Structure formats: C-alpha cells, structure tokens
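Q: quick one: sequence plus predicted model below, questions after.
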Amino acid sequence: MIKILVLDDNPAIGGALQTLFSLHGYQVLLAATPAEALTLLASAKPDLLLQDMNFAAGVSDGEQGRALFYQIRQQFPALPIILMTSWTQLSMVVELIKAGAVDYIAKPWDDQRLLLTVANAVRLAQLQQQQQLAQQQQQNLFAGKDLCGLVFASRQMQQLLQMTLQLAPSQAAVLITGPNGAGKEGIASVLHANSSRSKQPFLKVNMGALPAELMEAELFGAEAGAYSGLTKTRVGRFEAADGGTLFLDEIGNLPLAGQIKLLRVLQSGEFERLGSSQTRRVDVRVISATNSDLQQAISRGSFRQDLYYRLNVVELRLPPLKARPDDILPLARHFLAGNKALGADAEQALLHYDWPGNVRELQNVCQRAALLASSEQITAADLGIAAEVSGRKALDDIDQASLLAALEQAGGIVSRAAKQLGLSRQAFYRRLEFYRIKLP
C-alpha cells in the first residue's frame, strides 16, 4: 500500500486529507511539525510527502517550508514532494519546482486535482526507481567491458552491445550494417577492444574514400615500381594489422578485382603484394561495414556472393538514430560536454527531428549550437534544425496523466500503451522524454 505523509500544523486539514486519501486506498501518516515529519520520514519511509509551507501562527512568508524542503531534499533526494499552502508567492513556487518539487497545490484544494497529482507523482517515482534499477542492471551487465566511450540509453543499443560483446572473443568475421553516421565504427571498436586481439593493431580503412586504382595497394601492399610514382615498397593494411583486427568500412565500394583477393585472404590468410609473386601469410580478423544493400549488389553483379558469405558470418544491424529516440538526448548532452545546457524547447526540437544524418549530424548540430548560442542555455533556434512535424501530433497534445494511465492499463508494455493512444512507439517514447518519464 502506498504511504503518504501529510505535514500540516492544522489538525483539521490533516484529518480531511487523511480521510480523502484513505478512501482511495492510501495509507496516511500525519505530522504537525517539521521535527515529527523528519522522524516519520526516517522510520516509516513514506512514498510521498504532502508538505505545508508555514508551521507557526502568524507566519505566511513560506520561508519555514522552503528551508524544510531543501533539508528533506538533501536527506531524501528521491522522495516526491508536493507543496501545499494558502499563500502564493510565484517566485518561490518556481524556485522549488525547479529544485525538484513535484507540484504546488493551493488551499483550498480541489479533491480530484489533488488525487491526480498524487497518483502521477507516485507513478513517476515508481518509474524512476525502475529506471535506476535498469541502469544498475545495465552497469552490472557491462561491468568490466570496454564500451569505447559509446553513449546510449535505448534498449536497441543495449541489445546490440550485448550481442557485440558475445561475438567479441570469437574470430568470426562480422558485417555491421546501418546508415551513414549511425556509429558502425564504434561497434567495430567494441568488438576489437573486448577480443583476445585487443593489444594488437586495430586498423581502419574507409573503402569509400579510396580511389579504385589504389585499393589493392592499400589493402595488400605494393612493390616499388608496381605503379607509376611508387619508388619504395608499400606495406598494405593486412600486413600492418597482422595479429590484430582490420575494419573495412563501406565494403560495398571494393571493386571486383579487390574482392577476389579479399576472398582469398579470408579463406587462407594468403595474398601477394601488387607487383610481387611472393605469397605472404597473415592472421587478421576482418570486420566490415556497409550502408548499402549487398544483396542487391550481388543481383547486379557488382559484389561477389561468396565474399558476402565470408564477410557475413554474423551480421550486426545498427538502427538509425530516429529509431532509437532514447539515445538522442543522452548523446546530445555528451556532445555538449557540460559546456552548455539544453533548454526545454531545444530538447523538444531534438526529439522532433528525424536525423537523416544520424549520430554524426547530431554531433555537428550540438557543436555548432554550443559555439553560436548567446547564453549558457541552448534554445531551439540555436540548433538550426527544422522540426519535421507534418503528419504528427504535437508533443503536448497528450498530457502526462494520460500517458501514465495508458502505461498502467497496458501493464507497462509500451507498444500496447501507444496503440491505445493512437501513437507509434517512437511517438510514445518522444512524449515520455518530453515529460521526463523514464522507463527501464
């Protein structure tokens, strides 16, 4: 049963609130002084505190309640606190709400609004506790693992990293697929960092940035004179990565001649430098990545099917940023590195945007905003992105209470709650983020 502590020096008010909450299934504790409240907070551990702001006759400035609020906040930082008083001093109310108070209720109160506020506060606290537990479980899950600085909060990334860490100790070739800028190189780094080859070289080659005529020399090396202008032996990436890992990004750009040589080295570990007949042997784990559809390339005849199966022993699919909205704000704050903070309108704009450039675009937007923002808080205008809201509902069209009620009725299953409200999963998650509702 949910326990509510009511702190009010007026016995009539305490009794009325006790009756109201008891009729709706809450257990109610009463305190008439701050000292009594602090004692009950420590011993009874209530789930919520409803706090008056004045405790002495003739005092109405709220300073007693303000001081007590900060004391309780320091001792019980996770406790939801709802303020209640007959006076209204807007500046103090705003200050305490910013400091963590759940809400402010004026006397005389409306029973239905008070009950709804309490129910929402309790539910939010439960969700936050579940989120903290999930974070602790995540920390335990990845304890002792090198995540190479990856920042994430979404279930999709957690599941992908679990699979990545499971594959890391093996020698299997891995193909990482996903759109440009989504973070494929980061996944490759985690594979290498948690493998038995972690102390050996980890070399990266962007196949899309190399001229076709230089790809073979880049990968397999070339003897002096093998092509015009080469005056000394060139060691290829396979030789340089011997014993370690070679990451071939944009593998779909490798021409057919290079594909044949790559297939051979994957099968036998053997190759020849360009312009040489001497066979060399290396031990290299190959991780490749692409943003293109290699199956279609095979159909067109521009990519070898046998090479595809050699590269794709296991495929790791990295979803675009818009498909994992829980990662947007943590990544944005990481890119800002504490230099500036995101305003509420900026957070909403980030969550609205579709991020065609994925994580790379988000990083550029944040770095630009940090440079151009005129204050310490970044606004939506500072971001320079247009919110794509056509065909979508505004974030504030569904209130917090409706979200929580839908979650409650759906047993915490987001897909069901979203369907009940006529939203997609992504749209539902955006509203959770907007109202700062955290789910495990």
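A: It's in.

Q: now the helices for the stretch 101-250 of the chain?
A: According to DSSP state H, counting those that start in this stretch, the stretch 101-250 of the chain carries its helices in the segments 111-141, 155-167, 184-193, 212-220, 237-240.

Q: for Gln420, which of these is the nearest?
A: With CB to CB as the criterion, Gln420 lies closest to helix 111-141 of the helices of the stretch 101-250 of the chain, at 16.1 Å. C-beta here means a position set from N, CA and C on the backbone, and glycine is covered the same way.

Q: so, low pLDDT: which residues of the stretch 251-400 of the chain?
A: In the predicted model of the stretch 251-400 of the chain, residues 386-400 satisfy pLDDT under 70.

Q: swap in 50 and give it another go.
A: Judged by pLDDT under 50, the stretch 251-400 of the chain has its weakly predicted residues at 387-396.

Q: stretch 174-183 - what's its average pLDDT?
A: The pLDDT scores in stretch 174-183 average 95.

Q: end-to-end on that stretch?
A: Between the opening and closing residues of stretch 174-183 lies a distance of 15 Å (CA to CA, to the nearest Å).

Q: what comes into contact with that stretch?
A: Under the criterion CB atoms under 8 Å, 6 or more residues apart in numbering, residues 150, 167, 184, 187-188, 191, 251, 287-291, 294, 311-321, 357-361 lie in contact with stretch 174-183.

Q: residues contacting Ile260?
A: Ile260 sits next to Arg304 when contact means CB under 8 Å, 6+ apart.

Q: how much space separates it from Ser198?
A: To Ser198, Ile260 is 31 Å away according to CB to CB, to the nearest Å.

Q: find the nearest non-adjacent residue to Gln267, please.
A: For Gln267, ignoring the flanking residues on the chain, the nearest one in space by CB to CB, 6 or more residues apart in numbering is Arg310 at 7.0 Å.

Q: tell me, how many residues neighbour that neighbour?
A: By the other CB atoms under 10 Å criterion, the neighbourhood of Arg310 contains 19 residues.

Q: list the contacts of it.
A: If you count contacts by CB under 8 Å, 6+ apart, Arg310 has them with Ala173, Leu263, Leu266, Gln267.

Q: what sits against Tyr429?
A: Listed by CB under 8 Å, 6+ apart, the contact set of Tyr429 reads Pro325, Asp326, Val414.

Q: how far out from the middle of the chain is the helix or strand containing Gln296?
A: Mapping Gln296 onto the secondary structure by DSSP states H and E places it in helix 294-300. Put simply, helix 294-300 sits 33 Å off its chain's centre (CA atoms, centre = their mean, to the nearest Å).

Q: same for it, what does it pack against?
A: Counting contacts by 3 or more CB pairs under 8 Å, 6 or more residues apart in numbering; DSSP states H and E, helix 294-300 packs against helix 305-311.

Q: what's the following helix or strand after the helix it packs on?
A: Stepping forward along the backbone from helix 305-311, the first helix or strand reached (DSSP H and E) is strand 314-317.

Q: each with direction, which strands does that next one pair with?
A: Strand pairing for strand 314-317, using DSSP bridges, gives strand 174-177 (parallel).

Q: what's in contact with stretch 287-294?
A: Contact partners of stretch 287-294, identified using CB under 8 Å, 6+ apart, comprise 173-180, 184-185, 188, 191-192, 245-252, 303, 308, 311-312.

Q: how far does it stretch from one end to the other?
A: With CA to CA as the measure, the first residue of stretch 287-294 is 15 Å from its last.

Q: just the buried residues of that stretch, please?
A: For stretch 287-294, burial by neighbour count (16 or more other CB atoms under 10 Å) applies to Ile287, Ser288, Ala289, Thr290, Asn291, Ser292, Leu294.

Q: farthest-separated two in those residues?
A: Greatest spatial distance among the buried residues of stretch 287-294 (CB to CB): Ile287 and Ser292, at 16.6 Å.

Q: buried subset of the contacts of stretch 287-294?
A: Neighbour-count burial (16+ other CB under 10 Å) is assigned, among the contacts of stretch 287-294, to 173-180, 184, 188, 191-192, 245-252, 303, 308, 311-312.

Q: so how far is Val365 from Leu331?
A: When distance is defined by CB to CB, Leu331 is 11 Å away from Val365.

Q: same question, Glu376
A: According to CB to CB, Glu376 and Val365 sit 18 Å apart.

Q: neighbour-wise, which of those two wins?
A: Set side by side, Glu376 and Val365 give different neighbour counts by other CB under 10 Å, the larger being at Val365 (22 against 9).

Q: angles on the backbone of that one, please.
A: phi -60, psi -40 (degrees, to the nearest 10).

Q: now it. Nearest residue, chain neighbours left out?
A: Leaving aside its chain neighbours, Val365 sits nearest to Leu383 (5.6 Å; criterion: CB to CB, 6+ apart).

Q: list the contacts for the spatially closest residue to Arg234 that is not a sequence neighbour?
A: For Arg234, ignoring the flanking residues on the chain, the nearest one in space by CB to CB, 6+ apart is Ala222 at 4.6 Å. When the contact criterion is CB under 8 Å, 6+ apart, the partners of Ala222 are Glu216, Leu230, Thr233, Arg234, Gly236, Arg273, Leu274, Gly275.

Q: that'll do, ta.
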